[in-house]
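# Just a sequence and a predicted model for now, questions to come.
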Amino acid sequence: MCGRYALTISPEELEEILGIMGLDDFPARYNIAPTQPILVVVSDGPGEKGSNLPDRRALLVRWGFTPGWVKDPKSFPLLINARSETAIGKASFRAAMRHRRVLVPASGFYEWHRPTKNSQEKAQPYWIRPRHGGVVAFAGLMETWSSADGSEVDTGAILTTAANAAISPIHDRMPVVIRPEDFSRWLDCKTQEPRDVADLMQPVEDDFFEAIPVSDKVNKVANMGADLQDRATIERPPPLADKPKPDDGQLSLF
């Protein structure tokens with residue numbers, strides 16, 4: 001799953017990496033939480049004739065996907081994640097998988113290793129970041145929800161997949177990572193149907209991320225400083241997992 005993440009890269013660096021232009025300045029965010037605005041990247045096509053840059057733009061959406069057919073969002077579950085294995089066939093995500101795939105840039109994400117059911121130990125948070133630094137792009141979906149009075153809210157979710165061998169000792173799910181060479185194919189909803197990009201929704205290589213134990217300050221949304229990512233000392237690391245356990249839920253809030 002992915003229930004908290006961070007984006008601390010500068011707008012200039014993000015423009016270069018994602019092939020977008022005209023980003024407004026924005027602050028580093030060390031503890032992005034559900035229902036908050038998140039930055040996503042969409043594509044409107046191949047770009048102007050004669051230009052080598054794709055026609056991509058960034059916008060803010062509410063983290064918590066609301067399908068267009070929902071009558072009352074207050075009575076609908078908060079869908080912050082979508083399982084990549086089933087999103088193509090799920091009523092909530094089917095249309096977005098076909099027409100509104102996005103990239104969600106991040107500097108990394110947080111995950112919690114939970115002790116066994118009867119254990120008295122607290123959940124241990126980890127800051128999980130690309131081993132070589134920089135920004136990573138998660139696969140995402142967006143939907144614009146319209147109310148009866150005509151107002152609209154752009155909403156989004158992050159796609160997840162089974163955790164790789166490096167992450168599975170902490171949690172059995174992880175965000176889907178889209179590589180830079182696959183950005184255009186993932187964002188191309190005009191010629192690339194969901195089945196054409198299914199191969200992109202796989203766990204990233206085992207050595208892509210590194211997991212750093214951090215303090216439980218990240219548990220509180222009000223804590224937003226860079227110290228959330230400082231390494232913490234833990235007595236016992238999570239045990240190695242033989243294989244990821246199945247996760248039947250579409251959403252998670254820790």
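Nice, thanks for sending it over.
# going forward, measure contacts and count neighbours with C-alpha atoms only.
OK.
# Quick one: low-confidence residue ranges for the stretch 1-150 of the chain.
In the predicted model, the stretch 1-150 of the chain carries pLDDT under 70 at residues 45-54, 118-120.
# how about 50 then?
Scanning the stretch 1-150 of the chain for pLDDT under 50 picks out 50-51.
# Show the residue spans covered by the helices in it.
11-18, 94-99 (DSSP state H, counting those that start in this stretch).
# which one of those helices is the most hemmed in?
helix 94-99 (a mean of 20; mean count of other C-alpha atoms under 10 Å).
# who's in contact with it?
87-88, 141-143, 189-190, 193-194 (C-alpha atoms under 8 Å, 6 or more residues apart in numbering).
# State the pair within these that is farthest apart.
For those, the farthest-apart pair by C-alpha to C-alpha is 87 and 190; their separation is 18.3 Å.
# Per-residue pLDDT of the residue nearest the centre of the chain, please?
Residue closest to the average C-alpha location in the chain (C-alpha atoms, centre = their mean): residue 158, at 3.9 Å. pLDDT, residue 158: 98.
# on that earlier part again, just the buried ones out of the contacts of helix 94-99, please.
Listed as buried from these are 87-88, 141-143, 189, 193-194; burial here means 16 or more other C-alpha atoms under 10 Å.
# Tell me which of those residues fall in strands.
141-143 (DSSP state E).
# Quick check: residue 3 touching residue 112?
No. Using C-alpha atoms under 8 Å, residue 3 is not in contact with residue 112; the gap is 9.6 Å.
# From residue 33, how far off is residue 117?
Distance, residue 117 to residue 33, by C-alpha to C-alpha, to the nearest Å: 25 Å.
# Which one of those two is surrounded by more residues?
residue 33 (20 against 7; other C-alpha atoms under 10 Å).
# separation between the more buried one and residue 2?
Taking C-alpha to C-alpha, one finds residue 33 at 10 Å from residue 2.
# and if you look at residue 19?
In terms of C-alpha to C-alpha, residue 19 sits 25 Å off from residue 2.
# neighbour count winner among those two?
residue 2 (25 against 17).
# Report the contact partners of the more buried one.
80-81, 109-111, 158, 160, 173-175, 252.
# ok, now with 10 Å
33-34, 80-82, 109-112, 157-160, 173-176, 251-254 (C-alpha atoms under 10 Å, 6 or more residues apart in numbering).
# Need phi/psi at it.
phi -150, psi 110 (degrees, to the nearest 10).
# Check the spacing between it and residue 234 real quick.
In terms of C-alpha to C-alpha, residue 2 sits 22 Å off from residue 234.
# and the residue nearest to residue 146 when sequence neighbours are not counted, how many neighbours does it have?
With sequence-adjacent residues excluded and distances taken as C-alpha to C-alpha, 6 or more residues apart in numbering, residue 146 is closest to residue 152, at 4.4 Å. Neighbour count for residue 152, taken as other C-alpha under 10 Å: 11.
# distance of residue 152 from residue 71?
For residue 152, the distance to residue 71 - C-alpha to C-alpha - is 13 Å.
# Need the residues touching each of those two.
145-146.
# Which residues are in contact with the residue lying closest to residue 137 once chain neighbours are set aside?
Spatial nearest neighbour of residue 137, chain neighbours left out: residue 105 (4.4 Å); criterion: C-alpha to C-alpha, 6+ apart. With contact set as C-alpha under 10 Å, 6+ apart, residue 105 has these partners: 5-9, 14, 17-18, 38-41, 135-140, 177-178.
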